[in-house]
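Enquirer: here is my input; please provide its structure:
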Amino acid sequence: MSSGDNVEVKVPEVQVEKAVGALFGYLKAKQEKESNTSLFDVEEYFLISVTLRKIPTRTRRTPMRISIPNSIYHRQDVSIALVTKTQRESERRLEDYPVDNIKEIVSLKTLKDDMKAFQHRREFLGRHTLFFVDKNLYEVAVPYFGSKFTGQKSIIPVDIDAQDWRKGLSKARDSTYMLIKSGFNIAVRVGHSSQSRKEIVENVMAALPKIVEKIGNNKMIARIALHTDTSMLLPLWNQKATTETFAYTPEEKAEIDAMLARKRERMERQLAQKYDVPTKTIPVLRERAEAEGLNIKDLFKQYQQERQERAQLAELNKRQKQLEAMKQAIAELDESEKSEEEAEEESEEDEKKVNKKTKQEAKKNAQKVETKQQISSKSKPKKDEDSDLDNDNVDNLFFDDDDDDDDDADVALLRGGDSDDDDDEEEEEEEEVPVKSKGKSQKATPAKAVSSKASGSKSAPAASSKSSKKPAAAAAPAKAKKSKK
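Expert: Here you go, the predicted model:
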């Protein structure tokens, strides 16, 4: 079928038919065996497996398209997701030009933000069989799918900027894809268990020459086989082993060494990211691993453990310092509280002294007031007695019968008038004097009545008696002196 470098890769169609028939028999036996435990039919992919004698010097991260006559993804149970830059514009184009099996359109921003969580990304990848990505965003979008899912799902770059939108997406859906990695095995899907034997044989015969052509060097191919997802490999073609097939040219050795160095650096970066190792320390650990003959992964683990121990010690020291600071703060608080308590005690003592002093002063003042009251209470009865004595003297002065007769006679002689009228006037005056001495509140109504009577009965002598009022007033103190004696 194909030749290159004096090595021809040719697979008879009869042999392919036998292999396909044997695999269908295997799937039928498996379905009968699992019919008691599973309600669904067994669905598996048919794959061409190419085993290489040498590690390929040129790897391809982007899948290479291989056209086949019978599509393996154009089925009802296949769901395809399309990742583009502008989601709304792509949805409008899909409405205008619908393509079978494309069930969901997601923007790169949604894939980056909303699918960041592992659970959301797993649900998104579990809903679809195939993923189409705009070829301009392929290198950027693939890392957001996650390394765990990129090996399980096919992520295909497509040209969505083409004029014929429907033709380009349909062509991508109806093809199969090949990915050359840095390994000894290459697997390509060429059929599905839902297809007929004839369709699968046609796909295998159409895909084999293209696979060999894309590998480039036929000497590198050691074996070609056909199998399903769970079956054993059924060989289709084997190359005889010679010294030439296993020998590397100097150029191939240099390319392999460079490839291995790149792979080692990539692995070291992944390990450094996993074990939280700085990038600067990677060369130091590599030299140490080469010198001591150790595995660099073990050194990364050891470095991580040492770093964790150092971090724990630093954390312990930090906590110890915090505890010491807390103790110091507590001691300062205790001292401040003690000083405050002492100040409060001193203030309380001062208050007690002040209160005691004020109480003593108040007591002294009360005693002084008491003594003054006692003195005043003692002096009041004497005044009362004196007032009583004065009243008695006044009474004796004005109401002594023996003296009245003598006084009346003297007054009569001085006046030169009737003694009886003068006696009446003197009686009125004597009645007025005791009333004033006893108090202002008492009224001298009887004296007024007497005086009114005297004035009514003797008006003429009253006029003559006005001239004799001064000697009578002068005589009254003389009588008072006599009564005191």
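
Enquirer: thought Tyr177 was touching Ser67?
Expert: No: using Cβ atoms under 8 Å as the test, Tyr177 is too far from Ser67 to be in contact (10.5 Å). Placement of C-beta: from N, CA and C, glycine included.

Enquirer: so for the two, which residue has more residues nearby?
Expert: Tyr177 (17 against 12; other Cβ atoms under 10 Å).

Enquirer: can you report how many residues lie near the nearest residue to the more buried one once chain neighbours are set aside?
Expert: The shortest distance from Tyr177 to any non-neighbouring residue, by Cβ to Cβ, 6 or more residues apart in numbering, is to Pro63 (3.9 Å). Neighbours of Pro63 under the rule other Cβ under 10 Å: 18.

Enquirer: which pLDDT does the model give the closest residue to Phe145 other than its chain neighbours?
Expert: Of all residues not flanking Phe145 in the chain, Ile155 sits nearest, at 6.2 Å (Cβ to Cβ, 6+ apart). Note for Ile155: predicted pLDDT of 88.

Enquirer: ok, now how distant is Ile155 from Ser175?
Expert: Separation of Ile155 from Ser175 (Cβ to Cβ, to the nearest Å): 14 Å.

Enquirer: now do Ala343
Expert: Taken as Cβ to Cβ, the span from Ala343 to Ser175 is 93 Å.

Enquirer: and if you look at Thr228?
Expert: From Thr228 to Ser175 the distance is 20 Å (Cβ to Cβ).

Enquirer: looking at those two, which is more packed in?
Expert: Shown here are Thr228 and Ser175; by other Cβ under 10 Å, Thr228 has more neighbours (21 against 18).

Enquirer: cross-check the contact I'm expecting between Leu23 and Leu236.
Expert: No: when contacts are counted by Cβ under 8 Å, Leu23 is not listed as touching Leu236 (11.9 Å).

Enquirer: hey, what's in contact with both of those two?
Expert: Leu226 (Cβ atoms under 8 Å, 6 or more residues apart in numbering).

Enquirer: number of nearby residues for the residue nearest to Lys214 when sequence neighbours are not counted?
Expert: Leaving out its chain neighbours, the residue that sits closest to Lys214 by Cβ to Cβ, 6+ apart is Met64, at 5.7 Å. Met64 sits with 15 neighbouring residues when counted by other Cβ under 10 Å.

Enquirer: which residues does Met64 form beta bridges with?
Expert: Met178 (DSSP bridges).

Enquirer: which residues touch it?
Expert: 177-180, 214.

Enquirer: make a ChimeraX selection of the buried ones in the residues you listed.
Expert: The buried residues among those can be selected in ChimeraX (16 or more other Cβ atoms under 10 Å) with this line:
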select :177,178,179,180
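
Enquirer: domain parsing for the protein?
Expert: As assigned by automatic domain parsing, the chain contains the domains 1-73+174-247, 75-162, 400-484.

Enquirer: ok, of those, where does mean pLDDT dip lowest?
Expert: domain 400-484 - the lowest mean pLDDT of the domains of the chain, at a mean of 44.

Enquirer: that older thread, so what's the residue nearest to Phe145 bridging to?
Expert: Phe131.

Enquirer: distance of it from Phe24?
Expert: 30 Å.

Enquirer: and Glu335, by the same measure?
Expert: When Glu335 is compared with Phe24 (using Cβ to Cβ), they lie 92 Å apart.

Enquirer: what of Lys368?
Expert: Counting by Cβ to Cβ, the gap from Lys368 to Phe24 is 133 Å.

Enquirer: do Tyr73 as well
Expert: 20 Å.

Enquirer: quick one, which of those two is more surrounded?
Expert: More crowded of Tyr73 and Phe24, by other Cβ under 10 Å: Tyr73, with 20 against 16.

Enquirer: so the more buried one: helix, strand or coil?
Expert: coil (DSSP: H, G, I helix; E, B strand; the rest coil).

Enquirer: list the contacts for it?
Expert: 80, 101, 129-130, 173-174.

Enquirer: redo that, cut-off 10 Å
Expert: 79-80, 100-101, 129-130, 154, 156, 172-176, 189, 192 (Cβ atoms under 10 Å, 6 or more residues apart in numbering).

Enquirer: same question, Ile282
Expert: Ile282 neighbours (Cβ under 10 Å, 6+ apart): 265, 268-269, 271-272, 296, 299-300, 303.

Enquirer: tell me which element it falls in.
Expert: Assigned by DSSP states H and E, Ile282 falls within helix 282-292.

Enquirer: run through the neighbouring helices and strands of the next helix or strand after that helix.
Expert: Remark: after helix 282-292, the chain's next helix or strand is helix 296-399, criterion DSSP H and E. Counting contacts by 3 or more Cβ pairs under 10 Å, 6 or more residues apart in numbering; DSSP states H and E, helix 296-399 packs against helix 250-274, helix 282-292, helix 401-415, helix 419-438, helix 469-484.

Enquirer: which residues of the stretch 101-250 of the chain fall in helices?
Expert: Assigned by DSSP state H, counting those that start in this stretch, the stretch 101-250 of the chain shows helices spanning 108-113, 118-127, 138-145, 147-150, 165-173, 197-215, 243-246, 250-274.

Enquirer: buried ones in the longest one, by neighbour count?
Expert: This points to helix 250-274. 252, 255-256, 259, 268, 271-272.

Enquirer: quick one on the thing from earlier: which among the contacts of Tyr73 count as buried?
Expert: Looking at the contacts of Tyr73 with 16+ other Cβ under 10 Å, the buried ones turn out to be 79-80, 100-101, 129-130, 154, 156, 172-173, 175-176, 189, 192.

Enquirer: check contacts around the residue nearest in space to the middle of the chain.
Expert: When Cα atoms, centre = their mean is applied to the chain, the residue found nearest the centroid is Ala117 (22.3 Å). If a contact means Cβ under 10 Å, 6+ apart, then Ala117 has Glu123 as its contacts.

Enquirer: please tell me how far the closest residue to Leu233 other than its chain neighbours sits from Leu23.
Expert: Spatial nearest neighbour of Leu233, excluding adjacent residues (Cβ to Cβ, 6+ apart): Ala225 at 3.9 Å. From Ala225 across to Leu23, the span is 11 Å (Cβ to Cβ).

Enquirer: what do those two both touch?
Expert: Common neighbours of Ala225 and Leu23 (Cβ under 10 Å, 6+ apart) are 232, 234.

Enquirer: who has more neighbours out of those two?
Expert: A count of neighbours by other Cβ under 10 Å puts Leu23 above the other of Ala225 and Leu23, at 22 against 18.

Enquirer: which stretch of helix or strand covers that one?
Expert: Leu23 belongs to helix 13-34 when assigned by DSSP H and E.

Enquirer: which elements pack onto the helix or strand just after that helix?
Expert: Next in sequence after helix 13-34, counting helices and strands by DSSP H and E, comes strand 45-52. Where contact means 3+ Cβ pairs under 10 Å, 6+ apart, strand 45-52 is packed against helix 13-34, strand 175-178, strand 185-192, helix 197-215, strand 221-228, strand 234-238.

Enquirer: next, the angle helix 13-34 makes with strand 45-52.
Expert: 130 degrees (axes from the mean of the first three to the mean of the last three Cα atoms, to 10 degrees).
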